[in-house]
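Undergrad: The sequence and its predicted three-dimensional model are supplied below.
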Amino acid sequence: MNPKPFLLVTLLAALVLRTYAAEAPARRLNILFIMTDQQRWDCVGANGNTLIKTPNLDRLAERGANLTHAFVASPVCVPSRISFFTGRYAHTHRNRVNYTPLDRSEVLMQARLKEAGYLTASIGKLHYFPPTVEEAHRTGFDIVELHDAAPFTDKWSDYVKWRQANDPQKDIYYRAVAKNIPPGKNPFRAAIAAEYSETAWTGQRTRHWLTELAQGEQPFFIHASFWKPHSPFEIAAPYDSMYDDVEIPLPEHFTEEDLKAQPLPLQKLVMRGGGKDLQIDRQRLEWIYRSYYGAISQVDHEIGLILDALQATGQAENTLIVFSSDHGAQLMEHGIMDKNCFYEAAVRVPLMVSLPGRVKTGRYDQLIETVDLLPTLFEFIGLPEPRECQGRSFAPLIADMGRGYTPHDVVFSENIIPEVITGGKIEMPFEKGSGVGGIRHPDAKMARTDRWKYNHYPEGYAELYDLKSDPKEAKNLAGRPEFHAVEEDLRLRLLNWLIDSAETDEIQPRWLLQ
């Protein structure tokens, strides 16, 4: 046998393989999306809070883009989360109320990533309905470990099952508060140990799957979703005492006169459940703040361990990290404990994006909408923006993408949540033409510019705040003749938004003629 032809074929094969290797696309960027629940934008050290301890979020902000003016599409869990994962506003995806099913025609981020070759995982609070692994798989997640943390969802909770198998104190409810707490100590100290808390479980399982998926050839998308700092406010030691000696500024006492000055829909929100929150004494409210801060510090600790685990996998340089929250919390500002309103504490959230060597580090104060995240991630990883997406990629703002970026001059949010009025009941006594409980609160809209915030409610209620002179949103200027032009401009912006945002749903790519 003449060895020359064989040698020639071998050399040609090696050349082809070398050429293919040089031209073959590199592995797509991994995505690690860390989310908290009900975390205010100002409860991060990097955002100017000098009292809270968040060293790991601070280092994430320092090594990436810290977007300080990010606003949720809706100040309530489910609508906000679906907007994050579709890049669509709540009035178009129509998943407007907690524990209601999503329209099956909606395609979520994880399904699109899975189609593009990603392995997809969700750990912790997902908050889809039904709250089952099967529903999570249907939406595009390959790996699912759930913990929605509402009592009726515990039968589906992987955290509850894990704790039953591991915690020596498994018979104690994970929301239980410790007994015999000494006077002057945190009355919200949890009865269970921190290592068996839902926060520790979410961090542990995220690190497990991060390590597993990083060993494979496929890019991965991991959604790591912490329940905390959402109420109730139980918090395990040592985080229960971390802020014992810290004097956290409390909101001004909300009076009956303040209540009467609010639009009727907001009065209904404040008086939800009979207005019990208004009876909280100042000392207890201070412990609520300390517990809220402690919960964030515990999440921050777990985030630090997650970042360390990512570094240990060798995939840190190839992983796009996002941190945000689904909405904020009022913590008794304006007489409201939780959210469901358009005050800054409820609609403005922390948002950080990090990718070594690509994302330009720094603080970005431009207005951002959370529907912008999906097109931003897709631009970074080289996927086309879905036609149905209503957000605007901010990738050119924080990285060199070869094109310019046009900032938002106004951002929007909306709120339709009848259970605020019905007291948390699943059945909504809706009457066509009159809303729920005689109040058509469930279609509130917000338009916010750098200076102005305008909130529109049915039946003629409105709020207008000059954020430049009134950052605490204490003086409602709506209806004053001298601000009529401002109101009209923002009302027109709301109308145009409602018309324009749905254009891809209403105008087809081609006419269908018979």
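TA: Arrived safely.

Undergrad: what about the helices in the stretch 401-514 of the chain?
TA: With DSSP state H, counting those that start in this stretch as the criterion, the stretch 401-514 of the chain has helices at 419-422, 484-500, 503-506.

Undergrad: Show me what counts as buried in the longest one.
TA: Neighbour-count burial for helix 484-500, with 16 or more other C-beta atoms under 10 Å as criterion, is recorded at 486-487, 490, 493-494, 497. The C-beta positions use only the backbone N, C-alpha and C, and glycine is treated the same way.

Undergrad: In CSV, list the residues you listed along with pLDDT and distance to P386.
TA: Formatted as CSV, the buried residues of helix 484-500 follow (pLDDT from 0 to 100; distance: C-beta to C-beta, whole Å):
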residue, pLDDT, distance to P386
V486, 98, 35
E487, 97, 35
L490, 98, 29
R493, 97, 25
L494, 97, 25
W497, 97, 19
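
Undergrad: As JSON lines, those with distance to Y343 would be great.
TA: Compiled in JSON lines, the buried residues of helix 484-500 are given as follows (distance: C-beta to C-beta, whole Å):
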{"residue": "V486", "distance to Y343": "19"}
{"residue": "E487", "distance to Y343": "18"}
{"residue": "L490", "distance to Y343": "16"}
{"residue": "R493", "distance to Y343": "19"}
{"residue": "L494", "distance to Y343": "18"}
{"residue": "W497", "distance to Y343": "20"}
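
Undergrad: Widest-spaced pair of these?
TA: Distance extremes for the buried residues of helix 484-500: the farthest pair is V486 and W497 at 16.6 Å, using C-beta to C-beta.

Undergrad: Skipping its backbone neighbours, what lies nearest the residue positioned nearest the centre of the chain in space?
TA: By C-alpha atoms, centre = their mean, the chain has its centre lying nearest to D326, at 2.3 Å. Distances taken as C-beta to C-beta, 6 or more residues apart in numbering put S80 closest to D326, at 4.5 Å, once the chain neighbours are dropped.

Undergrad: all helices for the stretch 151-300 of the chain, in order.
TA: Under DSSP H, counting those that start in this stretch, the stretch 151-300 of the chain gives helices at 158-166, 198-214, 256-261, 264-270, 282-313.

Undergrad: Any idea which of those helices has the lowest pLDDT on average?
TA: Comparing mean pLDDT across the helices of the stretch 151-300 of the chain, the weakest is helix 264-270, with a mean of 87.

Undergrad: Please identify the buried residues of it?
TA: 265-270.

Undergrad: Just give me the closest of those residues to N180.
TA: V270 (34.4 Å).

Undergrad: okay, now the closest residue in space to that closest one that isn't next to it in sequence: neighbour count?
TA: In this structure, V270 finds its nearest non-sequential neighbour in G335, 4.3 Å apart by C-beta to C-beta, 6+ apart. Using other C-beta atoms under 10 Å, G335 has 22 other residues around it.

Undergrad: what's the pLDDT at G335?
TA: 94.

Undergrad: And Y99, by the same measure?
TA: Confidence score, pLDDT, at Y99: 83.

Undergrad: Same question for I426.
TA: You'll see I426 listed with a pLDDT of 62.

Undergrad: In the beta-sheet assignment, what are the partners of N66?
TA: Counting by DSSP bridges, N66 is bridged to M352, R363.

Undergrad: What of A121?
TA: Beta-bridge partners for A121, by DSSP bridges, are I143, I222.

Undergrad: and stretch 369-388, which residues are buried?
TA: By neighbour count with 16+ other C-beta under 10 Å, stretch 369-388 contains the buried residues 369-381, 383, 386, 388.

Undergrad: wait, I meant stretch 328-344
TA: Buried residues in stretch 328-344, counted by 16+ other C-beta under 10 Å: 328-344.

Undergrad: repeat for stretch 432-440
TA: Residues 435-437, 439-440 are the ones in stretch 432-440 that count as buried (16+ other C-beta under 10 Å).

Undergrad: And that stretch, end to end?
TA: 10 Å (C-alpha to C-alpha, to the nearest Å).

Undergrad: residues in contact with Y89?
TA: Y89 is in contact with 73, 83, 371, 390, 412, 414, 501, counting by C-beta atoms under 8 Å, 6 or more residues apart in numbering.

Undergrad: distance between the ends of stretch 208-228?
TA: End to end - C-alpha to C-alpha - stretch 208-228 spans 20 Å.

Undergrad: try stretch 188-199
TA: 16 Å.

Undergrad: So which bits of that stretch are buried?
TA: Buried, per 16+ other C-beta under 10 Å, within stretch 188-199: 188-190, 192, 194, 196-199.

Undergrad: Could you tell me which of the buried residues of stretch 369-388 belong to helices?
TA: Judged by DSSP state H, helices contain the following of those: 373-381.

Undergrad: so where is this structure shaky, pLDDT-wise?
TA: 1-25, 417-428, 437, 441-442, 511-514 (pLDDT under 70).

Undergrad: repeat that with 50
TA: 5-24 (pLDDT under 50).

Undergrad: which residues in it form strands?
TA: Taking DSSP state E as the criterion, the chain carries its strands at 30-37, 65-71, 119-124, 143-146, 220-229, 319-325, 348-354, 362-369, 411-415, 430-431, 435-436, 444-448, 452-456, 462-466.

Undergrad: Format the ones you listed as TSV; extra columns: distance to Q311.
TA: TSV is the format used below for those (distance: least, C-beta to C-beta, whole Å):
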stretch	distance to Q311
strand 30-37	12
strand 65-71	19
strand 119-124	19
strand 143-146	21
strand 220-229	15
strand 319-325	10
strand 348-354	12
strand 362-369	22
strand 411-415	34
strand 430-431	51
strand 435-436	50
strand 444-448	37
strand 452-456	40
strand 462-466	43
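
Undergrad: Figure out which of the ones you listed is closest to Q169.
TA: It's strand 220-229; of the strands of the chain, that one is closest to Q169 (C-beta to C-beta) at 19.1 Å.

Undergrad: Tell me how far the closest one lies from the chain's centre.
TA: Here strand 220-229 is found 10 Å from its chain centre; the criterion is C-alpha atoms, centre = their mean, to the nearest Å.

Undergrad: quick one: that strand to helix 373-381, angle?
TA: Calculated by axes from the mean of the first three to the mean of the last three C-alpha atoms, to 10 degrees, strand 220-229 forms an angle of 150 degrees with helix 373-381.
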